[in-house]
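K.L.:
compute the structure for the input listed below.
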Amino acid sequence: MAEQMSNPRPEFKRTFTVEEANASLPLVGAICRDLSALSQEVVERKERLSVLLAGRDEGSDDLYRQELVQIEEELERDTRRIGEYVQELRDLGVESKGGIEGLVEFPSEMDDRIVFLCWKLDEPEVLHWHELDEGFQDRQPLVVESRAGESIEGSSCDDSESSR
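P.N.:
Model (predicted):
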């Protein structure tokens with residue numbers, strides 16, 4: 001009993017089946033594409049801005065100061081927008097784990113425990129999972145049961161269609 005209290009079951013807005021996660025990919029993917037593009041752009045602009053600001057006197061009132069202030073304000077606005085994209089995903093019950101890469105995790109139940117189904121922006125569907133305390137690098141292929149009752153590891157849409 002004490003073990004259950006020290007390791008409470010994590011609470012998520014919802015859990016997903018593989019089918020539900022895949023069904024949500026058109027919307028999740030659209031948000032991830034926007035999040036990825038804006039995240040990449042913000043990182044690049046922040047790097048350029050830091051080069052422009054390097055060695056500058058903060059109090060100087062030169063010709064470029066107003067332009068730099070405007071760039072900083074735009075970066076702040078875009079950074080807030082990134083937070084809004086992340087919140088949109090959370091509102092759907094999905095966790096963003098890498099804005100630029102478009103990594104997301106769907107809480108799911110597997111063998112009476114909560115795990116994450118994981119998906120990356122360039123993948124056609126959710127094909128992997130990992131434990132809650134692991135990351136993307138630890139992901140494992142989903143195992144799909146065939147009609148004959150045999151396990152097929154890493155099966156994708158193309159594999160299942162060719163076996164029909």
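K.L.:
how about the strands in this structure?
P.N.:
With DSSP state E as the criterion, the chain has strands at 95-98, 103-110, 113-120, 128-131, 140-141, 143-145, 151-153.
K.L.:
quick check: bridge partners of Ile114?
P.N.:
For Ile114, the beta-bridge partners under DSSP bridges are Glu109.
K.L.:
does it touch Pro107 like I think?
P.N.:
Yes: if you go by Cβ atoms under 8 Å, Ile114 and Pro107 touch, sitting 5.8 Å apart. Every residue, glycine included, has its C-beta placed from N, CA and C.
K.L.:
these two: which is more packed in?
P.N.:
Neighbours per residue (other Cβ atoms under 10 Å) separate Ile114 from Pro107, with Pro107 holding more: 20 against 15.
K.L.:
and the more buried one, how close does it get to Gly29?
P.N.:
18 Å (Cβ to Cβ, to the nearest Å).
K.L.:
check Glu72 too.
P.N.:
Counting by Cβ to Cβ, the gap from Glu72 to Gly29 is 31 Å.
K.L.:
now swap in Tyr85 and tell me
P.N.:
Look at Tyr85 and Gly29: by Cβ to Cβ, they are 12 Å apart.
K.L.:
who's more crowded, the two?
P.N.:
Ranked by neighbour count (other Cβ under 10 Å), Tyr85 and Gly29 place Tyr85 first, with 19 against 16.
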